[in-house]
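Enquirer: Sequence plus the predicted model coming up.
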Amino acid sequence: MLSPETYQHIVHAVPLLRRADPPLAREFQQAASFVRIPAGRDVFVAGDRASAIALLVSGVVRVYKIGETGREITLYRFGLGESCVLTANAILSNQSFPAIATVEREAEAVLIPADTFRDWVRRSDLWRDFVFDMLSQRLSTVMAVVDEVVFQHMDRRVAALLLKRAQAQNPVRMTHQEIAAELGSSREVISRLLADLESAGIVRAGRGAIEVLDHAGLQARSSM
């Protein structure tokens, strides 16, 4: 059960709850629990049964798959006020979780028991709309991932990733292995592509960081 102070803290972070009527708000306070989850913790791994669904109040969770060869690919991330559509699907369809969900930045979350979540979705327009919105957003994200993997060359994808990350922080704090995991490639391939960019004077690679030196040149590579 959530205290009134904790509930008000959550309402500020989760827009969905601002539209809840008083009876549903009371149900939420009684059924939900508040947790803190450290970075690096696996919330679910493939094959787990989802006993609860989490709404994030802070932090970031990465959802990804690992193939038979050991390569990883990121499906999507969710953060403030969001939840995991694969968890919702696992609960509503009574299936196991099909991927891995790992806390990337230390998170605060509200946990809703699976049976309660199913009941709310069945009888509440507010919760049904929330699930459909998640489905719409994540379907678009996953379709973009499929488009990148199937139709775009890896050198273009590396350039696009570095451009995007450099807008927030330059040098980009990522290792070759982290880039490979993000894009579903191998560390060897990523190292070769970064070496090509470095020899062209577009980036400078250091230990655990890649500095973008020529944004225009990187932009050109991402559009090739």
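Expert: That came through, no problem. Here the structure is a predicted model, which means the values were calculated and not measured.
Enquirer: Surely A54 is within a strand?
Expert: Yes. A54 forms part of a strand when assessed by DSSP: H, G, I helix; E, B strand; the rest coil.
Enquirer: what's around it, how many residues?
Expert: Close neighbours of A54, defined as other CB atoms under 10 Å, add up to 25. C-beta coordinates here come from the backbone N, C-alpha and C atoms, glycine included.
Enquirer: Ok, the one 10 residues further on next?
Expert: Counted with other CB under 10 Å, the neighbours of Y64 add up to 17.
Enquirer: Leaving out the residues flanking it, which one is nearest to it?
Expert: T74 (4.8 Å; CB to CB, 6 or more residues apart in numbering).
Enquirer: list the helices and strands the helix or strand encompassing the one you found packs on?
Expert: Element membership for T74, per DSSP states H and E: strand 72-78. Packing contacts for strand 72-78, counted by 3 or more CB pairs under 8 Å, 6 or more residues apart in numbering; DSSP states H and E, involve strand 52-66, helix 125-151, helix 176-183.
Enquirer: hey, what's the most centrally placed residue in the chain bridged with?
Expert: Centroid check for the chain by CA atoms, centre = their mean gives R77 as the closest residue, at 0.9 Å. For R77, the beta-bridge partners are R62 (DSSP bridges).
Enquirer: Go ahead and confirm it touches R62.
Expert: Yes. Contact criterion CB atoms under 8 Å: R77 and R62 qualify, at 5.1 Å.
Enquirer: correct me, but V11 touches L17?
Expert: Yes. When contacts are counted by CB under 8 Å, V11 is listed as touching L17 (4.7 Å).
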